[in-house]
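Asks: Sequence and predicted structure below; questions after.
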Amino acid sequence: MNSELKRLFEAAEGRWYSDVEEEQLRGYADGILSRIDTYQAVARAERAILETAYTVIRQRIPRMEAMHGADGFDKATRDLGQTLRYANMSMLMKEPDFVHDKLAVWIRTILFALSDRQNVIMAFEAMADACRKHLTAADADQILPYVNVVVDELRGTANGLAAERDRKAA
């Protein structure tokens, strides 16, 4: 559940919502059906998105098997898929901190220890580009801010939830 929504529910326990709180509730509810539609679209397109990213990675890092073993591409695809699913859940909840806190920092820490930083960043950027290719513009616009939470963490430009909210408001 969105942390702001949860806070609203807890704060209003035993009393009526204020006008400001009602507007906050409406703000969360606004777009929920669209977010559900996007969630489903991303789930349906996952295989195509990951295959496109895989192709880009294979072209740009032809020596990946030599560097990371025979299962290097499989592991990269697994990590990208996991990221796409966490970003999708984060988008559905309208909670950028979910994907950041649950996955982005861990991905950065583990993958930078195991692989070249620029290759890792390129792989996740390839997945973001594949989202644009395999989703409608509206669905891509809805999911990409949450995918970019991870990309920004990898680039070292993440500023957490405040920066993402500022970016969405702009």
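Replies: Perfect, I can see it now. Numbers count the residues shown, from 1 in each chain.

Asks: how about the longest helix that the chain contains: buried residues?
Replies: Longest helix of the chain, by residue count under DSSP state H: helix 32-60. Buried residues in helix 32-60, counted by 16 or more other Cβ atoms under 10 Å: 35, 38-39, 41-42, 45-46, 49-50, 52-54, 56-57. Glycine gets a C-beta too; all of them are placed from N, C-alpha and C.

Asks: Any idea which of the residues you listed the model trusts least?
Replies: The member of these with the lowest pLDDT is Ile57, at 88.

Asks: measure Pro40 to Met91 for me?
Replies: If you look again at residue 40, you'll see it is Gln, not Pro. Separation of Gln40 from Met91 (Cβ to Cβ, to the nearest Å): 12 Å.

Asks: do Ala11 as well
Replies: Ala11 is 25 Å from Met91, by Cβ to Cβ.

Asks: which of the two has more neighbours?
Replies: Neighbours per residue, other Cβ atoms under 10 Å: of Ala11 and Met91, the larger number sits with Met91, 24 against 11.

Asks: Would you confirm that the more buried one contacts Ser34?
Replies: No: taking contacts as Cβ atoms under 8 Å, Met91 lies outside contact range of Ser34: 10.3 Å.

Asks: who touches both of those two?
Replies: Gln142 (Cβ atoms under 8 Å, 6 or more residues apart in numbering).

Asks: Per-residue pLDDT of Gly160, please?
Replies: Confidence score, pLDDT, at Gly160: 51.

Asks: From here on, call the first residue 32.
Replies: Okay, residue one is now 32; in that scheme the one you just asked about reads as Gly191.

Asks: Can you classify Arg46 by secondary structure?
Replies: Recorded secondary structure, Arg46: coil (DSSP: H, G, I helix; E, B strand; the rest coil).
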